[in-house]
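Participant: Sequence first, then the predicted structure:
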Amino acid sequence: AQTVTQSQPEMSVQEAETVTLSCTYDTSESDYYLFWYKQPPSRQMILVIRQEAYKQQNATENRFSVNFQKAAKSFSLKISDSQLGDAAMYFCAYRRGPGTASKLTFGTGTRLQVTL
Amino acid sequence: EAQVTQNPRYLITVTGKKLTVTCSQNMNHEYMSWYRQDPGLGLRQIYYSMNVEVTDKGDVPEGYKVSRKEKRNFPLILESPSPNQTSLYFCASSLSGRGRNQPQHFGDGTRLSIL
C-alpha cells in the first residue's frame, strides 16, 4: 500500500520569505500523480499544485513550486514571497496512475504559520 | 458554478441516531468519494463510487454506508453513529475514476459530532 509522510507537523515563515514543506511517499509504481492541497481555517480543500510522475519538469504555479525527486520519492513544496493568506494546513497527496481508481492517499499535514 | 455541495455543514447528534450526510455535484462527474479527516491522521477514504450503482470500500468503511442511485448524488449514511465517528467529512468528485491527472473537487466539509 502507498504511504505519504509529512515529517513537519508545523512550520513558520516570515512574510515575504520562502519556506519549503517536505513530503515523502512510498510506492512501487512508476506512473502516479502527486498533489499539494491547502486547507485554510475555512476548512476548504484547495488544490495548490500537481505533478505527474512521468514528467521530469517540476510543476510551478505562480509563487508555488515543487521539487520532485522521483528516485528519492520526495515531493517538497516551496512557497516564495510568503503572504499572510498562505497560513493554512498543507496536505501532500498521492494518487495511483491512470486506469486505477482515483483514491487520494494523504499525508498527515503541515500547519504553516506566516508571521509579520 | 461548478461545485460539490455537502449538507449539513455542522451536525451534533447522539449515539445510535441514524443520520445521512448528502453530497451533490453539478459537473456530471462519474467518480465520487467520501473522506474523513482526523487530527494527526490526515484524510482517509471511506467509500468511493466509480459510477451510478458502482460503489466500493475505501480504507475505513466500517460503520458507514453509501449509495449511488443518481450520478450527481452520493450520500453517506451512518446507521448507528458512535462517538468514534466524530470527525470532519469531505465529499469529492472527479470527471472519471480512472482518467489521467483529473483533479478532485472537494465539498466544503461536514463537521460531525456524535455524543
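Facilitator: Happy to help now that I have it. Numbering: from 1, shown residues only, chains lettered A, B, ... in the order given.
Participant: Next, count neighbours for residue B:108.
Facilitator: Using other CB atoms under 10 Å in any protein chain shown, residue B:108 has 16 neighbouring residues. (Glycine included, C-beta is placed from N, CA and C.)
Participant: Need the pLDDT of it.
Facilitator: Residue B:108 carries a pLDDT value of 95.
Participant: One more: residue A:98?
Facilitator: The model's pLDDT for residue A:98 equals 73.
Participant: Same check on residue B:101?
Facilitator: The model's pLDDT for residue B:101 equals 60.
Participant: what's the answer for residue A:31, then?
Facilitator: If you check residue A:31, the pLDDT there is 88.
Participant: ok, and the closest non-adjacent residue to it?
Facilitator: The shortest distance from residue A:31 to any non-neighbouring residue, by CB to CB, 6 or more residues apart in numbering or on different chains, is to residue A:97 (3.4 Å).
Participant: mind checking the SS state of the residue nearest in space to the middle of chain A?
Facilitator: With distances taken as CA atoms, centre = their mean, residue A:36 lies nearest the centre of chain A, 3.1 Å away. The local conformation at residue A:36, judged by DSSP: H, G, I helix; E, B strand; the rest coil, is strand.
Participant: Assign a three-state SS to the nearest residue to it once chain neighbours are set aside, would you?
Facilitator: Once flanking residues are discounted, residue A:36 sits nearest to residue A:48: 4.4 Å by CB to CB, 6+ apart. Assigned with three-state DSSP, residue A:48 falls in the strand class.
Participant: Get me the contact residues on chain B for chain A.
Facilitator: Within chain B, the positions adjacent to chain A are B:31, B:33, B:35, B:40-45, B:48, B:50, B:56, B:58, B:88, B:90, B:92, B:94, B:96-104, B:106, B:108-109, B:111 by CB under 8 Å from any CB of the partner chain.
Participant: List only buried entries from these.
Facilitator: Using 16 or more other CB atoms under 10 Å in any protein chain shown as the burial test, the residues of chain B next to chain A include B:31, B:33, B:35, B:42-45, B:48, B:50, B:58, B:88, B:90, B:92, B:94, B:97-98, B:102-104, B:106, B:108-109 as buried.
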